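K.L.:
Fold the following, please.
(chains A and B, ligands or ions: 2)
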Amino acid sequence: MVFAIEAESLTRTFGGKKGKEPLVALDNVELQVEEGELFGLLGPNGAGKTTLIKILSTLLLPNSGTVKVLGHDVVKDSQSIRRRINMVSGGESSGYGILTVKENLWMFTQFYGIPSEVAKRRIDEMLASFGLMDKKNSTLRTISTGQRQKMNVVRGFVTDPDLIFLDEPTLGLDVNASFIIRDYIRRWVKERQGKTVLLTTHYMLEADELCDRVAIIDRGRILACDTPANLKKGVSRNSTFSIVTTPFKDVGGAGQLPGVKGIEAKEQPDRLEINFVLEDESVIADIISYITARQGKVLSLAKSQPTLEDVFIQLVGRGLG
Amino acid sequence: MAVREHLRTLKYATWLGWQIESNWTKPWLFVAYSIAKPISATLILVLMYLVIFSSSLTRPDIYAFMFSGNAFYMYVAQVLFGIVMVIHEDREHYQTLKQIYIAPISFYVYILGRAVPKIVITTIAILITLAFGVLVLGLEIDLAAVNWGLLALAMIVGLICICMIGIALAGVSFLTAKHGMGINEGIAGMFYLFCGVVFPITVLPQWGQAVGLGIPITYWLEIVRRAVLSGSGVENIGGLQSYSEAEIFLFLLVSCAIFFVISLAIFRYADRLARKKGKLDMTTSY
Ligand SMILES: Nc1ncnc2c1ncn2[C@@H]1O[C@H](COP(=O)(O)OP(=O)(O)OP(=O)(O)O)[C@@H](O)[C@H]1O
Ligand SMILES: [Mg+2]
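P.N.:
Ligands and ions are numbered 1, 2, ... in the order given. Presented below is the predicted three-dimensional model:
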């Protein structure tokens, strides 16, 4: 089996000088991504997703462990890796503002040694797919942030990498733009042999709908790694509930009740939406009495289909945030 | 990496640099900023020396020494530090440093390419400064006597060397948070002081002369002066009169070679350290 990505006991820390405790961004991460997979990293803010991507894309060195990308060691053989990868980070509006969309993309294709005819054709095709054709000759400083971000996604794919890293590619984009990008990613992997995508997200729906396999990461550790369907199977059908109540005190305390595996509360102005993952249905009675004892009124109670969010709640006892 | 790939990188980095340098919404702004500013900075220095050492007007050779030193020092001020700015611009302003960095190109060659337009623009500024000197400020240059071959050779080697020093500093600025201008200004001042820019290195104390003789810029300036001001007697001023042009050129080559090795080593080391410490996509602008 050829792995596109293979990490063994990968650890990365930041700081830790002058007697301070170092911050462990990645803690003994084990990860194997096969060629041709669309692989997702799902985790809350600060989980270590970007740090992992930086290490895999040769921007950052690991502290310890071995990391191979497309069969090459990231520490010793970064040049061989760079020829075959690319990376896009969402939510930042990078690019040379004085260049046009076309010029920006063109320059990068030339840095990657793409023959000019191929590059020209590919740029046009991709701009059309992303609805950017009318901005082809606009300078970057005159297009919107979202359009810049789409341009950057094009920049990632236009060099035809064997492995692409997408760090929250749809962050801050509107529904339509997000759809276009997800759709493109999906087709890109499907229609080509052996192309691999590693994407990070904290939108569980994105991970669920898009990825062949998902690793759930929190505080630098990979807690689970499987297909979305298998991950959700791990959460019993009868044990995820969604309760809407009027506001009450000490919501977090409900998470400490025996039999509660995890909760996530979303506060609305006049009510609370709480998702529970329970060991079994019977616990629900205790929860109701906990709420009413604190002057909360249950407005609705429903059994819900497990989502990746519930998987996360079950694993760490809190929501993705 | 193959030479062809490096040339391609050089070509597109130069192109990018030119787009950035020349992209001013109004052309006169470009002229004012890229050409008039360095020229006036140089002329201010020249005039200051004229006021302080008005006696040097009576010695055209000393005047030419000082004038040409200031004029050609523009390369150090504009190109060397322009190169350092490339890293900051790419990292903080355009936020493209990491994209360029993970591309399958030599980052060293990329920075060289970005320096080419700066060299071209600075050359124009120097030519204008020299012309202004000749036409208005009584500088004497005998065009018929200029040793063009020697000048061309010295310019090639000297500019490569200035770029190399710039790249080593650029490597260091990978690691610095703010613009690291402290280091840069320190180095600029050091070169200005020790390399015989406005006064001969012989006025320096022994150790200062030793420092000057270890820096290729000293030899480069000497050769450039001898080539441009051929016949003016300027070769008797700098303190290297006992050496022939060929000998000084050899010193230039040797010191450049040493600087090249040092520059590459510093750059490699800084590059690695930057990857280790996660400085490649750091922004400090907010
Ligand atoms: N250069 C750095 N210096 C110090 N600490 C850092 C650095 N980069 C990341 N960290 C820390 O490492 C941890 C992981 O950060 P990382 O950016 O990988 O998280 P993430 O999963 O991408 O989060 P987000 O969803 O917010 O993007 C965080 O606690 C962060 O503060
Ligand atoms: Mg991140």
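
K.L.:
For B:Tyr269, give its distance to ligand 1.
P.N.:
Using CB to the nearest ligand atom, to the nearest Å, one obtains 19 Å as the distance from B:Tyr269 to ligand 1. All C-beta atoms are positioned from the backbone trio N, CA, C, and that covers glycine.

K.L.:
wait, I meant A:Thr139
P.N.:
Look at A:Thr139 and ligand 1: by CB to the nearest ligand atom, they are 29 Å apart.

K.L.:
With B:Leu193 instead?
P.N.:
B:Leu193 is 37 Å from ligand 1, where distance means CB to the nearest ligand atom.

K.L.:
ok, now A:Glu267?
P.N.:
In terms of CB to the nearest ligand atom, A:Glu267 sits 21 Å off from ligand 1.

K.L.:
shouldn't that residue be in contact with A:Thr246?
P.N.:
No: counting by CB atoms under 8 Å, no contact exists between A:Glu267 and A:Thr246, whose distance comes to 11.5 Å.

K.L.:
what sits against A:Met41?
P.N.:
In this structure residue A:41 is Leu, not Met. When contacts are counted by CB atoms under 8 Å, 6 or more residues apart in numbering or on different chains, A:Leu41 is found next to A:Lys49, A:Leu52, A:Ile53, A:Leu198, A:Leu199, A:Thr200, A:Thr201, A:Val214, A:Ala215, A:Ile217.

K.L.:
at 7 Å instead, please
P.N.:
With contact set as CB atoms under 7 Å, 6 or more residues apart in numbering or on different chains, A:Leu41 has these partners: A:Lys49, A:Leu52, A:Leu198, A:Thr200, A:Ala215, A:Ile217.

K.L.:
Bridge partners for the fourth one, pull those for me.
P.N.:
Beta bridges link A:Thr200 to A:Leu41, A:Asp167, judged by DSSP bridges.

K.L.:
Could you tell me which residues of chain A lie near chain B?
P.N.:
Remark: the part of chain A in contact with chain B comprises A:14, A:57-61, A:79, A:82-83, A:87, A:92, A:94-96, A:98-99, A:107-108, A:110-113, using CB under 7 Å from any CB of the partner chain.

K.L.:
hmm, which of the residues you listed are the buried ones?
P.N.:
When neighbours are counted using 16 or more other CB atoms under 10 Å in any protein chain shown, the residues of chain A next to chain B contain these buried positions: A:57-61, A:82-83, A:87, A:92, A:94-96, A:98-99, A:107-108, A:110-113.

K.L.:
Now do the helices in the chain.
P.N.:
Picking chain A for this. Counting by DSSP state H, the segments of chain A that form helices are A:49-56, A:78-82, A:101-111, A:116-129, A:145-158, A:175-191, A:204-210, A:228-233, A:284-293, A:308-316.

K.L.:
meant chain B actually
P.N.:
For chain B, the helices defined by DSSP H cover B:3-22, B:27-30, B:37-52, B:60-74, B:81-88, B:97-101, B:107-135, B:148-175, B:181-194, B:206-213, B:216-228, B:245-277.

K.L.:
Pick the most deeply packed of those helices.
P.N.:
Highest mean neighbour count among these (mean count of other CB atoms under 10 Å in any protein chain shown): helix B:216-228, with a mean of 25.

K.L.:
what bits of chain B have low per-residue confidence?
P.N.:
Segments of chain B classed as low confidence (criterion: pLDDT under 70) are B:1, B:24-26, B:55-57, B:177-181, B:283-286.

K.L.:
Just want the residue of chain B that's nearest chain A.
P.N.:
Residue nearest to chain A within chain B (CB to the nearest CB): B:Gln95, separated by 3.7 Å.

K.L.:
In this structure that residue contacts A:Ser94, no?
P.N.:
Yes: B:Gln95 lies in contact with A:Ser94 (CB atoms under 7 Å); the separation is 3.7 Å.

K.L.:
if I look at B:Ser34, how far off is A:Glu35?
P.N.:
Separation of B:Ser34 from A:Glu35 (CB to CB, to the nearest Å) stands at 49 Å.

K.L.:
The two: which is more packed in?
P.N.:
B:Ser34 (21 against 17; other CB atoms under 10 Å in any protein chain shown).

K.L.:
so the more buried one makes contact with B:Ile121?
P.N.:
Yes: A contact is recorded between B:Ser34 and B:Ile121 when judged using CB under 7 Å, the distance being 4.8 Å.

K.L.:
Quick check: neighbours shared by those two?
P.N.:
In terms of CB under 7 Å, 6+ apart, B:Ser34 and B:Ile121 are both contacted by the residues B:Glu21.

K.L.:
what does the stretch 151-286 of chain B have sitting close to chain A?
P.N.:
Counting by CB under 7 Å from any CB, the stretch 151-286 of chain B comes close to chain A at B:Arg275, B:Lys276, B:Gly278, B:Leu280, B:Asp281.

K.L.:
Backbone dihedrals for the last one, please?
P.N.:
Geometry field for B:Asp281 lists phi and psi as phi -130, psi 20, criterion degrees, to the nearest 10.

K.L.:
Tally up the residues packed near the closest residue to chain B within the stretch 201-321 of chain A, please.
P.N.:
Shortest the stretch 201-321 of chain A-to-chain B distance, computed as CB to the nearest CB: residue-wise this is A:Gly220, at 14.6 Å. Residue crowding around A:Gly220 was assessed by other CB under 10 Å; the count is 22.

K.L.:
what pLDDT does it get?
P.N.:
As predicted, A:Gly220 sits at a pLDDT of 95.
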